[in-house]
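Colleague: generate coordinates for the sequence data below:
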Amino acid sequence: MLDVCLLGTSGMMPLPRRALTALMTRYNGSSLLIDCGEGTQVSIREKGWSMHGIDTICITHVHGDHISGLPGLLLSMGNAERKLPLTIVGPRGVKKVVEALLIIAQGLPFEIRYVELSEPFHQLEQKGYTIEAFRVRHTVPCYGYSQIIHRAGKFDLDKAKENDVPMRAWSILQKGEEVCIDNCVYTPEMVLGEARKGLKVTYCTDTRPVPEISGYAKGADLFICEGMYGEKEQLDKAKENRHMMFTEAASMAKEAEVGELWLTHYSPSLIKPEAYMDEVRAIFPQAKAGKDRKSLYLTFEKEKAGTE
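Modeller: This next block holds a predicted model:
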């Protein structure tokens, strides 16, 4: 249903066994990439996934460790004869930064469309899913993102009959499409029950823990959140540079009542994230230390999800 892969877990700089933080998801033939630091395309190849299906790239902010991998990635996509347009979403000014980077990646055979964010909250409809962008608190304009796959309600026979919906329209309406028969318009709501729980993945990095994050991550099946520092002694540094502690991320996950928490965006000085996880799990037991190419296959409720 929804394939999720945390491509890298490093903040600031790539390390020999730790790529820069980025997330890639696959759903219904469409791939979404969030952030693209140096070497992101290498991690995609190591995972065995294809860049060809990427149709949207969301950039949290324009610091180099989150965007400098774009020229190489886009060149590779162009060399693979991509023709379809690509959408890049990011804070206001992202177009200027990307176009400057593309001085070394000219002649791409596909169009790039930009969506620049300026308000505290934005919602974008994509191929079968919704992207929610919400502003967070970093040293530069920065956004977190949620990918939401909605699930329609079940077919309600009594409701269809009450609304006098012709039987020949039922199957089409169940697919979410409107039908016009004999100058009468029938909508999916006329035959479907209440919407069922869908899927939600929230990604948030490079920020202090602000209440809005827990609100936008509410009920997420998976919450991927920055854990820059594990050591308590680094709290002042986290506040100064507007980053987050492991325990702060855990507290937000608990407040948001998410299904699972993955930590990411570790400081280069943080060698063994697992060493700090006991304290994290005391706050939120479903917390895990993210690792490069950690993956999850999410399915709708009542179906099992498998992890790697």
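Colleague: quick one: mean pLDDT for stretch 216-226?
Modeller: In this model, stretch 216-226 has a mean pLDDT of 97.
Colleague: that stretch: how far from the chain's middle?
Modeller: Remark: stretch 216-226 is offset 10 Å from the chain centroid, using CA atoms, centre = their mean, to the nearest Å.
Colleague: how about residues contacting that stretch?
Modeller: Identification of contacts with stretch 216-226 by CB atoms under 8 Å, 6 or more residues apart in numbering yields 4, 6, 11, 21, 23, 121, 132, 134, 144, 146, 199-207, 213, 243-244, 249, 252-253, 256-265, 290, 296, 298, 305. Placement of C-beta: from N, CA and C, glycine included.
Colleague: tell me which of those residues fall in helices.
Modeller: If you go by DSSP state H, these have 213, 249, 252-253, 256 in helices.
Colleague: which of these tops the neighbour count?
Modeller: residue 249 (29 neighbours; other CB atoms under 10 Å).
Colleague: list the beta-bridge partners for the closest residue to that residue other than its chain neighbours.
Modeller: For residue 249, ignoring the flanking residues on the chain, the nearest one in space by CB to CB, 6 or more residues apart in numbering is residue 225 at 4.3 Å. Taking DSSP bridges as the rule, residue 225 bridges to residue 204, residue 263.
Colleague: gap between residue 225 and residue 176?
Modeller: Applying CB to CB, to the nearest Å, the value for residue 225 to residue 176 is 32 Å.
Colleague: then residue 19?
Modeller: 38 Å.
Colleague: looking at those two, which has the bigger crowd around it?
Modeller: residue 19 (24 against 12).
Colleague: what about residue 187, how many neighbours?
Modeller: For residue 187, the neighbour count with other CB under 10 Å is 14.
Colleague: can you give me phi and psi for the closest residue to residue 97 other than its chain neighbours?
Modeller: Leaving aside its sequence neighbours, residue 97 sits nearest to residue 62 (CB to CB, 6+ apart; 4.7 Å). Residue 62 adopts backbone torsions of phi -100, psi 30, taken as degrees, to the nearest 10.
Colleague: burial check on residue 62, number of neighbours?
Modeller: Residue 62 - counted by other CB under 10 Å - has 20 other residues nearby.
Colleague: what about the nearest residue to residue 118 once chain neighbours are set aside, neighbour count?
Modeller: Of all residues not flanking residue 118 in the chain, residue 92 sits nearest, at 4.7 Å (CB to CB, 6+ apart). The tally of other residues near residue 92 (other CB under 10 Å) stands at 12.
Colleague: what's the answer for residue 188, then?
Modeller: There are 17 residues near residue 188, going by other CB under 10 Å.
Colleague: which residues does it contact?
Modeller: If you count contacts by CB under 8 Å, 6+ apart, then residue 188 has 152, 173-178 around it.
Colleague: need the phi and psi values for it.
Modeller: phi -60, psi -30.
Colleague: one more: the one 3 residues further on?
Modeller: In this entry, residue 191 is assigned phi and psi values of phi -130, psi 0 (degrees, to the nearest 10).
Colleague: wait, isn't it in contact with residue 159?
Modeller: Yes. Using CB atoms under 8 Å, residue 191 is in contact with residue 159, at 6.0 Å.
Colleague: more neighbours: the two, which one.
Modeller: The neighbour count for residue 191 versus residue 159, taken as other CB under 10 Å, is higher for residue 191 (26 against 15).
Colleague: and the gap between that one and residue 301?
Modeller: Here residue 191 is placed at a distance of 21 Å from residue 301 (CB to CB).
Colleague: so how many other residues sit close to residue 184?
Modeller: 11.
Colleague: hey, what's it bridged with?
Modeller: With DSSP bridges as the rule, residue 184 is bridged to residue 181.
Colleague: appreciated, that's everything.
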